[in-house]
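Asker: from the sequence below, what's the structure:
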Amino acid sequence: TLVLLPLLQALPKTTPFTIPRHNNKHHLSPLTTLSAMTNPPNPKTVAVIGGGIAGLSLASHLPRDKFSPTVFDTGRLRPGGRCSSRLPDDRPANARESRDRILSSAVVDHAAQIVTTKGLSDAFARQMAEWEEEGIVKELPADSIAEVTADGVIESCLPDDDGGGTKMYCGIGGNGAIPLAMARDVLVQQDVWVSPNNGVKFIGQRHAPQWKVSAGGKTLGEFDHIIIAHNGKCADRLMSRTPAKKLHSLLRTNFSPSVPDAGGKRMTLNSIYSLAFAVPRSSPLGRATGDKIGFFVKNHDNLRFLSCNTRKHPPRTRNDYDVWTVLSSPRFAKRFKAPQENLPPATVANVTQILLRSVEESLALPHDCLSTTAILDSKLQLWGAAVPLNTWTGRHPDKPNAR
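Answerer: Numbering: from 1, shown residues only. The predicted structure is shown next:
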């Protein structure tokens, strides 16, 4: 059995515990597990390829009297995917990269910035409230998230008539606290790259399915079920050589900043640049933004969101700088497309300069106050398959009214 899971909105129940702040020894090391569930005899084994929100959510929901899931995640230190955080004292991926950089002394949410209950289910809101009680997330003040309107006016993104129904949160000590909470009772193997070329192989029969999962030339195990909990070209290629042709067709992707008018026949994924940068707290950016934490940007084609990490997650030591994350628009990322695993230095310099200039223009800051010589530190990343813009819908054969 193969389950396609490009996006799962349900979130698990968790047992109370507190995520330690800024202490890497409490977090995962490569190829170690968060915890091992005690399972009853002979449960069906399940391989979950992808340790982001979707994979962790599904693995935590599987009834343990029937299934024994193992999550394989490419994250070097911790699971979480787009909801992970870089923490102080995290060892750099590149041994030549200095640990003395300013960005390495702060908590940095480099992808997901905030969690909102707007437009989501009551169950989702209850889950966030439970996590708040457990010390996993904290509610953000309603006026701390603003919108830069098309006219350049900064105003609250929550209307006065909202009635307090919409809440916004962030993880305590980083948004990575959320996937860590979800993974507490899930077996996770970190820093595992299941190759899209030969990482998954069907070795069973139609009525007795078996899947072999491999990484780095070694067999990780044989499983009764497999779940593909990520998307993009790798997920497409991962299943292209298996007999699950109809489900493989659902993994076919189209990369575009917008969705076709009729929704399209493939999942549409956009691309986003994420730039983390540090500036003195007394900079024009700090003065112009007051005590706001984040901004939805509506007045600049290159930008979509701007967030201050050090206001969300105050550092324990130095307080003379702020660390910001700016997320580009999908059209901007497409215009400056590059190999995301190895961005050319010229691309890094050019895209960084343009994004910083765009922030100046959006917030009407003094020219060159965010020049590359004025900022203290920066790091650029490209999410080549960032956000699904559409989802598959279908009717259940036994539930004609369900989709």
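
Asker: buried ones in stretch 350-358?
Answerer: Under the neighbour-count criterion of 16 or more other C-beta atoms under 10 Å, stretch 350-358 has V351, T352, I354, L355, L356, R357, S358 buried. Every C-beta, even on glycine, is put in place using the N, C-alpha and C of the backbone.

Asker: what does stretch 237-257 give?
Answerer: Buried residues in stretch 237-257, defined by neighbour count with 16+ other C-beta under 10 Å: R237, L238, M239, A244, H248, L250, L251, T253, F255, S256, P257.

Asker: mean confidence score for it?
Answerer: Rounded to a whole number, the mean pLDDT of stretch 237-257 is 82.

Asker: and if you look at stretch 377-397?
Answerer: Taken as a whole, stretch 377-397 has a mean pLDDT of 79.

Asker: which one is the residue nearest in space to the middle of the chain nearest to, not counting chain neighbours?
Answerer: With the centre of the chain defined as its mean C-alpha position, the nearest residue by C-alpha atoms, centre = their mean is R82, 1.1 Å away. Distances taken as C-beta to C-beta, 6 or more residues apart in numbering put A111 closest to R82, at 4.0 Å, once the chain neighbours are dropped.

Asker: surely the one you found touches R86?
Answerer: No - the criterion here is C-beta atoms under 8 Å, and A111 misses it with R86 at 10.5 Å.

Asker: I'd like to know how many residues surround A229.
Answerer: The burial metric for A229, expressed as a neighbour count using other C-beta atoms under 10 Å, is 28.

Asker: who's in contact with it?
Answerer: Taking C-beta atoms under 8 Å, 6 or more residues apart in numbering as the criterion, A229 is in contact with L5, L8, V48, I49, G50, G51, G52, A54, G55, L58, V71.

Asker: would you confirm that L247 belongs to a helix?
Answerer: Yes - the assignment for L247 by DSSP: H, G, I helix; E, B strand; the rest coil puts it in a helix.

Asker: pull up the gap between it and M239, please.
Answerer: As judged by C-beta to C-beta, to the nearest Å, L247 and M239 stand 7 Å apart.

Asker: T253 too?
Answerer: Using C-beta to C-beta, we find T253 at a distance of 12 Å from M239.

Asker: again with L285
Answerer: Computed as C-beta to C-beta, the L285 to M239 distance reads 45 Å.

Asker: next: F72.
Answerer: Taking C-beta to C-beta as the measure, F72 falls 15 Å from M239.

Asker: show me the contacts for the residue nearest to V351 when sequence neighbours are not counted.
Answerer: Sequence neighbours aside, F336 is the residue nearest to V351 in space, at 5.3 Å (criterion: C-beta to C-beta, 6+ apart). When the contact criterion is C-beta under 8 Å, 6+ apart, the partners of F336 are Y273, T347, N350, V351, I354.

Asker: which helices and strands does the helix or strand that contains the fourth one pack with?
Answerer: Counting by DSSP states H and E, the secondary-structure element that holds V351 is helix 345-362. Packed against helix 345-362, as judged by 3 or more C-beta pairs under 8 Å, 6 or more residues apart in numbering; DSSP states H and E, are the following elements: strand 272-280, strand 303-308, strand 321-328, strand 377-383.

Asker: may I see the buried residues of the first one?
Answerer: In this case it means strand 272-280. Neighbour counts over strand 272-280 (16+ other C-beta under 10 Å) mark I272, Y273, S274, L275, A276, F277, A278, V279 as buried.
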